[in-house]
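> Here is the input, now give the coordinates:
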Amino acid sequence: MRKFVSHFSAGSALVLLALSVAGRPVEAQTLNFGLRVIQAGIVSNLSDGSTIAFAADYVGGASTAQAVITYRGTTPTTINATITQVDLTGSTDFSIGGFPQVPFVLIPNQSFTVNVTFKPTASKIVSGKITFGYTEGLRTGQFALNLGGVAPELILSYVLPNGNSTPFANGDNVAFPTTNIDETAVTTIVVANRGSGPGVVNGISYSGDSAFLLAGVPAPPVTINPGSDLRFTVRYTPKLLDTVRGVVSVGLYERTILANVAGSGQGPLFTYEAIPDSTTVPITVNQLLLLADATVGEKSNLVVRVRNSGNFEGRIPVISVAGTGFSLDAPFVPLILAAGGVAQMTVTFTPTQPGRVQGRLRIGNDSFDLAANGLGSNLVYSYAAGSGSFTVTNGGTAVFSPVPVGQTGTLRFSLRNDGTVPTSVQSISVITTGTVFGISGLPVLPASIPSGGATAFDVTFTPSVAGLVTGSLKVDNQTFTLSGFANPPAALPSYSFSGSTGVQQALQQPAVGLALASKYDLALSGTLTLAFNSEVFANDPAVQFATGGRTVNFTIPAGQTQAVFPNGATSIRLQTGTVAGTLTLTPSFVSTDAGIVLTPTTPTVQNLTIAQSAPQLTNVALSAKTAAGFTLLVTGYATGRSLTQMDFTFTPTAGETVTTTKVTLNVDASFTAWYQGAASQTFGSLFSATIPFTLQGDVKNVTNVSDTVQSVSVTIANRLGTSASRSIDLR
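Okay, the predicted model is just below:
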């Protein structure tokens with residue numbers, strides 16, 4: 001008689017399966033009690049000597065668990081068990097209760113519960129042990145559960161800009177050093193965990209003066225592991241010299257810590273006055289300063305005075321003026337003003353052309369807007385497009401309303417003399433490529449425009465390609481940009497797929513094509529995207545185009561309908577993989593020249609389906625053979641990522657006798673672990689299983705016991721069916 005012992009492995013999961021065709025198994029001594037723990041709603045199975053870990057939220061906070069002990073009973077004769085001991089030893093931070101007074105009797109499948117509470121009195125690591133004594137018939141024994149407890153201890157401190165670290169408690173003050181105006185002092189607040197368990201910060205906030213700002217605050221809640229800390233900063237940037245205050249709030253699990261922050265500013269404070277004539281007028285930063293009107297070629301003046309009203313000397317590194325026609329007579333820079341010191345400067349406006357002129361006066365970090373009117377003739381340019389009217393200046397842009405390719409858009413361009421004297425226009429022209437932009441309805445040139453008068457003409461836009469087109473309009477020495485946008489051409493015709501569709505087999509490479517329903521005038525570029533929706537919650541990396549990846553580019557020449565894929569092919573193959581699901585093909589389209597997206601809002605897609613089915617064998621090979629046994633390598637796939645059984649049928653060598661001719665392996669648990677594991681994700685549903693067999697017994701006409709088997713036939717199965725058989729000769 002021969003005996004087979006089989007060991008099975010699939011992927012990273014290893015399960016030992018023992019098949020005995022002769023003899024009686026030896027009974028193992030086992031603990032007839034089932035141990036479970038229920039902690040935070042999670043149930044876990046335990047064994048004798050296992051540890052229940054507790055993590056309190058804070059010192060003094062309770063953490064609980066329930067240990068459930070179930071007596072399983074013994075067979076073949078069912079007896080009762082008596083619990084003779086439930087003792088707690090170790091740290092007094094642990095307590096137990098909720099169980100019957102010992103001794104008490106348990107019948108088979110009866111349970112009792114021990115409520116375990118951990119309430120730490122300090123933040124150090126503590127341990128304990130619950131010992132259970134029992135009798136079961138004539139048998140006496142013990143089993144135990146270990147207890148471990150940790151708790152956090154969160155300590156707050158702050159680090160001032162000078163580098164000193166200071167612990168603080170609720171209500172303590174954090175005083176910033178006197179800080180220069182507009183400079184920033186930074187204090188770091190540290191929440192350190194000196195305990196043995198993780199601590200939680202539920203929130204960090206600030207209220208008070210806007211000179212203080214929190215930075216580096218993470219989104220709550222934040223867990224701080226033992227030995228680690230959480231850091232964030234309080235930034236103080238004074239805008240005023242006065243003392244300002246605020247409150248930083250740090251919300252811990254069981255309490256909130258408040259830190260009072262305060263700071264004072266130091267530095268100069270510049271105030272300003274304008275003296276347009278003999279009158280002194282206070283002015284503020286960014287205020288508009290109006291200078292008296294001046295005729296072209298003449299001038300007007302404005303005196304501006306700066307005073308240091310702060311508590312420290314101030315440095316003004318720059319004094320400047322910007323704007324056509326504005327000039328400045330000012331002290332040399334850098335200008336140092338002591339507290340209470342005064343300096344003044346004169347802004348002069350000398351217009352070079354009529355109209356309102358704007359400028360800007362800069363004194364250190366402060367600026368003022370300037371405005372003045374130059375007297376004389378002044379042409380104002382504007383255009384009307386669609387329902388709107390817009391003013392445009394030299395170098396500005398006149399924008400047409402969008403028009404489709406091949407049609408013409410028009411804007412009305414106007415010249416209005418808002419000056420005080422007449423003026424004339426000598427020339428008007430457009431600069432463009434081809435005939436995209438044109439002019440019609442021009443006045444007779446040169447055209448005289450009186451004060452308050454106007455003239456106008458039309459500018460046309462006739463695009464030949466889609467997209468943005470620009471040109472130029474010149475009116476004497478003034479230049480304006482013309483900008484028009486051509487809408488895309490007609491909508492894309494409908495399209496359809498050709499080739500494979502519907503249900504497909506695994507491990508195949510079906511081909512698909514794409515074509516428009518009718519010819520299109522523009523050349524098209526596109527991308528065909530392959531998506532995979534798995535029925536069994538697992539992606540299959542093998543699902544991709546034959547060219548690699550899950551996208552492939554194609555083109556459709558102008559005036560044609562057929563999509564052309566790489567290498568000039570009119571179809572593209574894709575791999576179906578080995579996992580049940582739906583393969584979806586979605587195209588996108590864009591015009592090649594203009595870059596216009598033409599993909600429909602709801603594009604038509606092509607779906608290919610890989611159904612769940614009975615598993616398939618791809619190969620059975622002899623991996624190794626010894627005198628006493630052999631090892632088979634079984635490969636295959638299961639589109640539903642499920643395999644429950646393997647059957648091996650042995651054909652003996654002529655003249656030899658094999659008592660066991662068929663071995664059935666229940667592999668459900670092993671393959672469930674394999675397919676649910678991370679290692680299987682890169683293989684779809686493919687598997688490779690190594691099955692070793694050991695033979696025992698006598699031989700007749702062969703040398704080795706392994707030679708008594710001539711061949712082995714293999715089938716695999718799941719709930720959907722059984723694969724075709726594959727055989728291998730061992731001799």
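> What is the burial count for the nearest residue to residue 728 once chain neighbours are set aside?
Take residue 728 and drop its neighbours on the chain: the residue closest to it by CB to CB, 6 or more residues apart in numbering is residue 620, 4.9 Å away. Placement of C-beta: from N, CA and C, glycine included. The local packing of residue 620 (other CB atoms under 10 Å) involves 20 other residues.
> ok, now residue 341?
Applying other CB under 10 Å, we find 15 other residues in the vicinity of residue 341.
> Do you know the pLDDT at the nearest residue to it once chain neighbours are set aside?
Taking CB to CB, 6+ apart as the measure, residue 341 lies nearest to residue 308, with 4.9 Å between them; neighbours along the chain are not counted. Note on residue 308: pLDDT of 91.
> Show the contacting residues for residue 439.
Shown here is residue 439, whose contacts under the criterion CB atoms under 8 Å, 6 or more residues apart in numbering are 428-430, 457-460.
> Emit the PyMOL select command for whichever of these are buried.
The following PyMOL command selects only the buried members of those, with burial defined by 16 or more other CB atoms under 10 Å:
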select buried, resi 428+430+457+459+460
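> Closest one to residue 478 out of the contacts of residue 439, please.
Compare each of the contacts of residue 439 with residue 478 using CB to CB and the shortest gap goes to residue 428, at 9.9 Å.
> Residue 146 pairs with what?
When bridges are called by DSSP bridges, residue 146 pairs up with residue 51, residue 129.
> Go ahead and confirm it touches residue 48.
No. In this structure, residue 146 sits apart from residue 48 without contact. The criterion is CB atoms under 8 Å, and the distance is 10.2 Å.
> Tell me how many other residues surround residue 384.
Counted with other CB under 10 Å, the neighbours of residue 384 add up to 15.
> cool, residue 669 as well?
Every residue meeting other CB under 10 Å relative to residue 669 is counted, giving 11.
> Same question for it, what's its three-state structure.
Per DSSP: H, G, I helix; E, B strand; the rest coil, the secondary structure class of residue 669 is helix.
> Show the model's pLDDT score for it.
In this model, residue 669 is scored at 93, pLDDT.
> how close does it get to residue 642?
Distance of residue 669 to residue 642, given as CB to CB, to the nearest Å: 12 Å.
> and if you look at residue 30?
Shown here: residue 30 relative to residue 642, a distance of 31 Å by CB to CB.
> Residue 395: what's it in contact with?
Contact criterion CB under 8 Å, 6+ apart gives 479-481 as the residues in contact with residue 395.
> Quick check: phi and psi at it.
Main-chain dihedrals, residue 395, degrees, to the nearest 10: phi 90, psi -10.
> ranges for the strands of the stretch 501-650 of the chain?
Along the stretch 501-650 of the chain, the segments classed as strands by DSSP state E, counting those that start in this stretch run 502-504, 511-516, 524-534, 544-545, 551-556, 572-575, 581-591, 606-610, 616-626, 629-637, 645-652.
> Let me know the average pLDDT across the second one.
Averaging pLDDT along strand 511-516 yields 96.
> contacts for it?
Contacts for strand 511-516 (CB under 8 Å, 6+ apart): 492-501, 526, 528, 554, 556, 561-563, 570-574, 585, 587, 606.
> Quick check on those residues: which are buried?
Burial by neighbour count, 16+ other CB under 10 Å: within the contacts of strand 511-516 this picks out 492, 495, 497, 499-500, 526, 528, 554, 556, 561, 563, 571-574, 585, 587, 606.
> For the residue nearest to residue 44 when sequence neighbours are not counted, which residues are in contact?
Nearest residue to residue 44 in three dimensions, chain neighbours excluded: residue 37, at 5.2 Å (CB to CB, 6+ apart). If a contact means CB under 8 Å, 6+ apart, then residue 37 has 43-44, 46, 52, 65-68, 145 as its contacts.
> just to confirm, which helix or strand has residue 140 in it?
Here residue 140, judged by DSSP states H and E, is contained in strand 139-150.
> buried ones in that strand?
Applying 16+ other CB under 10 Å to strand 139-150 flags 141, 143-145, 147-150 as buried.
> Then stretch 116-134?
The neighbour-count criterion (16+ other CB under 10 Å) identifies 116, 118-120, 123, 126, 128-130, 132-134 as the buried residues of stretch 116-134.
> what's the farthest-apart pair in these?
Farthest pair in the buried residues of stretch 116-134 (CB to CB) is 123 and 134. Separation: 36.3 Å.
> just for the stretch 201-350 of the chain, where's the confidence low?
The stretch 201-350 of the chain contains no residues with pLDDT under 70.
> need the helices for it, in chain order.
When assigned using DSSP state H, counting those that start in this stretch, the stretch 201-350 of the chain turns out to have no helices.
> Repeat that for the stretch 1-150 of the chain.
Along the stretch 1-150 of the chain, counting by DSSP H, counting those that start in this stretch, no stretch forms helices.
> where does it dip in pLDDT?
Counting by pLDDT under 70, the stretch 1-150 of the chain shows low-confidence ranges at 1-29, 74-78.
> And residue 527, how far from residue 488?
18 Å.
> And for residue 697?
Relative to residue 488, residue 697 is positioned 82 Å away (CB to CB).
> just residue 673 next, same as before
Applying CB to CB, one obtains 55 Å for the distance of residue 673 from residue 488.
> again, but for residue 301
For residue 301, the distance to residue 488 (CB to CB) stands at 58 Å.
> domain assignment for this structure?
Taking automatic domain parsing as the criterion, the chain consists of the domains 33-150, 154-266, 270-375, 385-487, 495-610, 614-729.
> quick one: the longest one to chain centroid distance?
Right, domain 33-150. Its chain's average C-alpha position is 43 Å from that of domain 33-150, according to CA atoms, centre = their mean, to the nearest Å.
> Nearest the geometric middle of this structure, what residue?
residue 219 (15.2 Å; CA atoms, centre = their mean).
> Got the phi and psi for that one?
Listed backbone geometry of residue 219 is phi -70, psi 130, with angles given as degrees, to the nearest 10.
> Now do it against residue 229, distance only.
Summarising the geometry, the distance separating residue 219 from residue 229, computed by CB to CB, is 17 Å.
> What ranges in the stretch 551-700 of the chain fall below the confidence cut-off?
In the prediction, the stretch 551-700 of the chain carries residues with pLDDT under 70 at positions 593-594.
> Any figure for the gap between residue 526 and residue 392?
When CB to CB is the yardstick, residue 526 and residue 392 sit 40 Å from each other.
> Sorry, wrong one. I was asking about residue 188.
With distances taken as CB to CB, residue 188 is found 54 Å from residue 392.
> what do you get for residue 343?
Residue 343 sits 41 Å away from residue 392 when distances are taken as CB to CB.
> For the buried residues of stretch 116-134, give me a markdown table that also has distance to residue 283.
As requested, the buried residues of stretch 116-134 are exported to a markdown table (distance: CB to CB, whole Å):
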| residue | distance to residue 283 |
| --- | --- |
| 116 | 75 |
| 118 | 70 |
| 119 | 68 |
| 120 | 66 |
| 123 | 61 |
| 126 | 71 |
| 128 | 77 |
| 129 | 81 |
| 130 | 82 |
| 132 | 88 |
| 133 | 93 |
| 134 | 94 |
